[in-house]
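**Q** Prediction below, plus the sequence it came from.
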Amino acid sequence: MFAFVFGWNNSGLTTGNLSNLVTYNLALCVSIAGVFIGFFVAGQSMSGSILGKLVSRSLPTTGLFSAILISTIVLFLLTILKLPVSLSNCTVGAFVGVALATGTAVKASSLIEIVGSWLIVPFVCAILSFLIYGLAVNLEKSRSLASIVRANRIFLVIVVFFLSFMLGANNLGLIQSFAVVGTHNPVVLALFELFIFGFAALGVILFGRTMAQVISEKIVGLSQIKTFAAVLAAAIVILVLTISSIPVSLTQVIIGGMVGAGVSRRPWSVNSREIGELITGWALITIISAGLAFLLTRAV
């Protein structure tokens, strides 16, 4: 269920950037293929990102269950409301709440690292997107319009695959790190991995179009070249964070990239009101997840 809601919510952040340039089915295939390969090739890099790094692996089983349940419920409810919500916000908040309820130590340096990335990364991604857009515009000045459109489509497919790859490695790898706690049987682990990816892919297929419309129509409207800049910037930032085993907020990264590309040339195509509401929502989601996980853990 956790992986299913993940796929439902985050699919719009990848397919939404591509489906306005190629067929939606192709966008879907590219995104799913990228998530699949990224998860199985690099998902292990997130194995100690929360359990063992943020909170101790000795967290009680009931606490682990409470954190995953609350993360899933919060992610599901906000997705139902068509709000792009971050998996990392939900899970980090929930695990901190559980740790406080069970008396398990929370490593302050790791918490600062994660929260710091949430605050800094959107700005870094916006700046990087702005720079990529400027470079791409200069490279296209001597090209014909037809060749520019064709090149943009090809390169955008590539960078969306890259973004999906990093999404699978970081976010699905994060989910996998919870699923494999308590078992080292390779057969069981392989089944867990197939189960996680299968449900994530199902969420993308069934509900990806809805979230794609929210991202591409409600928050930021971008041209081909601006979309390319935003997606490439987001993928690069997620790569750096995944190498560092830091749970990334995909919504924060990709929307930061979109804002950077959106303000690169007037007239601006950014809905500042929606962006402000999202930023407020990210903070509230983390606090609410922590509070609910704390209360549930105490109750059980």
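**A** Now that the structure is in, tell me what you want to look at.
**Q** shaky segments in this protein?
**A** 1-24, 82, 84, 145, 179-223, 264-277 (pLDDT under 70).
**Q** Now find how far off-centre stretch 241-250 is within its chain.
**A** How far stretch 241-250 lies from its chain's middle: 9 Å, per C-alpha atoms, centre = their mean, to the nearest Å.
**Q** That should have said stretch 69-89, apologies.
**A** The answer for stretch 69-89 is 12 Å, by C-alpha atoms, centre = their mean.
**Q** now do stretch 165-172
**A** That offset, for stretch 165-172, works out to 8 Å (C-alpha atoms, centre = their mean).
**Q** What is the end-to-end distance of that stretch?
**A** 10 Å (C-alpha to C-alpha, to the nearest Å).
**Q** Please spell out which residues along that stretch are buried.
**A** 165-172 (16 or more other C-beta atoms under 10 Å). All C-beta spots, glycine's among them, are computed from the backbone N, C-alpha and C.
**Q** And the residues you listed, which is closest to I132?
**A** M166 (15.9 Å; C-beta to C-beta).
**Q** in this protein, which spans are helices?
**A** 2-18, 24-42, 61-80, 87-102, 108-140, 145-167, 173-179, 186-213, 224-243, 250-262, 272-299 (DSSP state H).
**Q** So for the third one, what gets flagged as buried?
**A** Think helix 61-80. Under 16+ other C-beta under 10 Å, the buried positions of helix 61-80 are 63-64, 66-76, 78-79.
**Q** How about the last one?
**A** Counting neighbours by 16+ other C-beta under 10 Å, one finds that the buried residues in helix 272-299 are 275, 278, 281-282, 285-286, 288-290, 292-294, 296-297.
**Q** surely V55 meets V92?
**A** No - contact criterion C-beta atoms under 8 Å: V55 and V92 do not qualify, at 9.7 Å.
**Q** Could you check which of those two has the larger neighbour count?
**A** Remark: of V55 and V92, V92 carries more neighbours, 28 against 25, as counted by other C-beta atoms under 10 Å.
**Q** Without its sequence neighbours, what residue ends up closest to S129?
**A** Distances taken as C-beta to C-beta, 6 or more residues apart in numbering place G260 nearest to S129, at 3.4 Å, with adjacent residues excluded.
**Q** The one you found: neighbour count?
**A** If you count neighbours by other C-beta under 10 Å, G260 ends up with 27.
**Q** so who does it touch?
**A** G260 is in contact with 125-130, 133, 229-230, 233, counting by C-beta atoms under 8 Å, 6 or more residues apart in numbering.
**Q** Try it again at 6 Å.
**A** By C-beta atoms under 6 Å, 6 or more residues apart in numbering, the contact set of G260 is 126, 129-130.
**Q** For K53, see how far away it is.
**A** Computed as C-beta to C-beta, to the nearest Å, the G260 to K53 distance reads 30 Å.
**Q** Please apply the same query to G168.
**A** G168 is 20 Å from K53, by C-beta to C-beta.
**Q** Could you do F165 as well?
**A** F165 is 23 Å from K53, by C-beta to C-beta.
**Q** Over to L128?
**A** Separation of L128 from K53 (C-beta to C-beta): 26 Å.
**Q** cool, V231 as well?
**A** 28 Å.
**Q** ok so, going back, among the buried residues of helix 61-80, which one sits closest to L26?
**A** Of the buried residues of helix 61-80, the one sitting nearest to L26 (C-beta to C-beta) turns out to be T79, at 23.8 Å.
**Q** Next, count neighbours for the residue lying closest to Q176 once chain neighbours are set aside.
**A** In space, and not counting its chain neighbours, Q176 is closest to G43: 5.3 Å by C-beta to C-beta, 6+ apart. G43 has 23 neighbouring residues, counting by other C-beta under 10 Å.
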